[in-house]
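Enquirer: fold the following, please.
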Amino acid sequence: MVELKEALTLDEQIERLITIHKLVITDKSSAKDILKKVNYYRLSAYGIGLKNKNNPEEYIDGITLEHIYRLYCFDSHMRNLLIHVIEQLEIQLRAQISNHLALKYGPEGYMDSNNFIVKYSQKTGNTIHEMIISDFKKECKHQKNVPFVKHHITKYDGHFPIWVAVELLTFGNLSSLYDIMTLEDKKAISSVYATKPDYLSSWILALVEIRNICAHYSRLYNMPLKQAPFLYPESKKYRHTKRNKIFPALITIKRMLHANDLWQSFFIELEALMEEYEDVVKLPFMGFPSNWKEVLSCKPVMRTIIESV
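Expert: All right, here's what the predicted structure looks like:
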């Protein structure tokens, strides 16, 4: 039987942080208040990169609990900024995809696998289209009492046109739906973002990952991301080959928004946030170059469509 660590009181946690982990805590009352808001297990993730190389149990000299808590607060604010702009892109993608499929294949053309290319799931062996439709039907049952779902069940015998169905797909499902669209259909959608289909596919996957991190309050700061969005030649230098961080995704979001008013508002808030926490935030931990303001500034983005990487 696996033996887990024993639970510790707040006083015991603080004592352990001071003696074992060498974390600087000058005000134990303030430390208790912090640990009542956020448990140390969550906070400890923000200590990654701040530990002694010779003894990973110990923090670098001078690192305080307040320092780590401020990184947590910064990350929370960063996620809130990002979820707002990603929300707008997600809603726009739902509209673009549903409008195109509806006009080309009809209200329920999305149900016909012949309108899509055949790809299989490595996990289940089913086609991606089958998985999307299965998830969609489960979501219909799960949300059967939601007014618009109930309306289509009672009045239209459970038939949902694509412009309604798309609202019941997860962002991940939407990404998969775009992935199995024909090349011609993909081009119609990617042209809206002045890019090529393989670029847009990678961008959507990156957005899905970041959106899920934000929605589940997971750590974004100093977090290696699985999905690396394709970048144009002038931006490839900002993509780290081993540890993909958030900065390349910000370049992508800027491009998708065509540096519009929403992006400008985001950029202004990001500048203020970075300034507020500049005492604790390390730019490399997020993949930010020293000239990040220049790169993300609100200057118009070139919309040249290039060959895929």
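Enquirer: CA only for contacts and neighbour counts going forward, please
Expert: Will do.
Enquirer: if you count residues, where's the longest strand of the chain?
Expert: If you go by DSSP state E, the chain has its longest strand at strand 55-59.
Enquirer: wait, what's in contact with the residue nearest to Val281 when sequence neighbours are not counted?
Expert: Once flanking residues are discounted, Val281 sits nearest to Leu71: 6.8 Å by Cα to Cα, 6 or more residues apart in numbering. Leu71 sits next to Tyr46, Tyr221, Tyr277, Val280, Val281 when contact means Cα atoms under 8 Å, 6 or more residues apart in numbering.
Enquirer: quick one: which of those is most hemmed in?
Expert: Most neighbours among those, by other Cα atoms under 10 Å: Tyr221, with 24 neighbours.
Enquirer: does that residue touch Asp75 like I think?
Expert: Yes - Tyr221 lies in contact with Asp75 (Cα atoms under 8 Å); the separation is 5.8 Å.
Enquirer: where's the most centrally placed residue in the chain, which helix or strand?
Expert: The centre of the chain sits closest to Ile210, judged by Cα atoms, centre = their mean, with a distance of 0.7 Å. Assigned by DSSP states H and E, Ile210 falls within helix 197-215.
Enquirer: distance between that helix and the chain's centre?
Expert: Centroid separation for helix 197-215 versus its chain: 7 Å, with Cα atoms, centre = their mean, to the nearest Å.
Enquirer: average pLDDT across it?
Expert: Helix 197-215 shows a mean pLDDT of 96.
Enquirer: now do the same end-to-end measure for stretch 59-68.
Expert: By Cα to Cα, to the nearest Å, the extent of stretch 59-68 from end to end equals 11 Å.
Enquirer: may I see the buried residues of that stretch?
Expert: Tyr59, Ile60, Ile63, Thr64, Leu65, Glu66, His67, Ile68 (16 or more other Cα atoms under 10 Å).
Enquirer: the fifth one contacts Asp27, doesn't it?
Expert: No - under the criterion of Cα under 8 Å, Leu65 lies out of contact with Asp27, with a separation of 9.7 Å.
Enquirer: residue ranges in the stretch 201-309 of the chain under the pLDDT threshold?
Expert: Applying pLDDT under 70 to the stretch 201-309 of the chain flags residues 240-243, 299-309.
Enquirer: can you report how many residues lie near Asn244?
Expert: Look at Asn244: counted by other Cα under 10 Å, it has 21 neighbours.
Enquirer: my error: substitute Leu250 in the last question.
Expert: By other Cα under 10 Å, neighbour count at Leu250 equals 19.
Enquirer: how about Tyr221, secondary structure?
Expert: For Tyr221, the assignment made with DSSP: H, G, I helix; E, B strand; the rest coil gives coil.
Enquirer: quick one, phi psi at Thr26?
Expert: Main-chain torsions, Thr26, degrees, to the nearest 10: phi -100, psi -30.
Enquirer: for the chain, just list every one of the strands.
Expert: Under the criterion DSSP E, the chain contains strands at 51-52, 55-59.
Enquirer: quick one: list the elements packing against the last one.
Expert: Yep, that's strand 55-59 we're talking about. If you count contacts as 3 or more Cα pairs under 8 Å, 6 or more residues apart in numbering; DSSP states H and E, strand 55-59 packs onto strand 51-52.
Enquirer: partner strands of the strand it packs on, parallel or antiparallel?
Expert: Applying DSSP bridges, strand 51-52 is found paired with strand 55-59 (antiparallel).
Enquirer: what's the distance between the nearest residue to Arg79 once chain neighbours are set aside and Leu220?
Expert: Nearest residue to Arg79, sequence neighbours excluded (Cα to Cα, 6+ apart): Cys214, at 5.1 Å. Distance of Cys214 to Leu220, given as Cα to Cα: 8 Å.
Enquirer: what sits in contact with each of the two?
Expert: Arg79.
Enquirer: where do the helices sit along the stretch 1-150 of the chain?
Expert: Along the stretch 1-150 of the chain, the stretches classed as helices by DSSP state H, counting those that start in this stretch are 10-19, 28-37, 40-44, 65-105, 128-142, 147-155.
Enquirer: lovely, talk soon.
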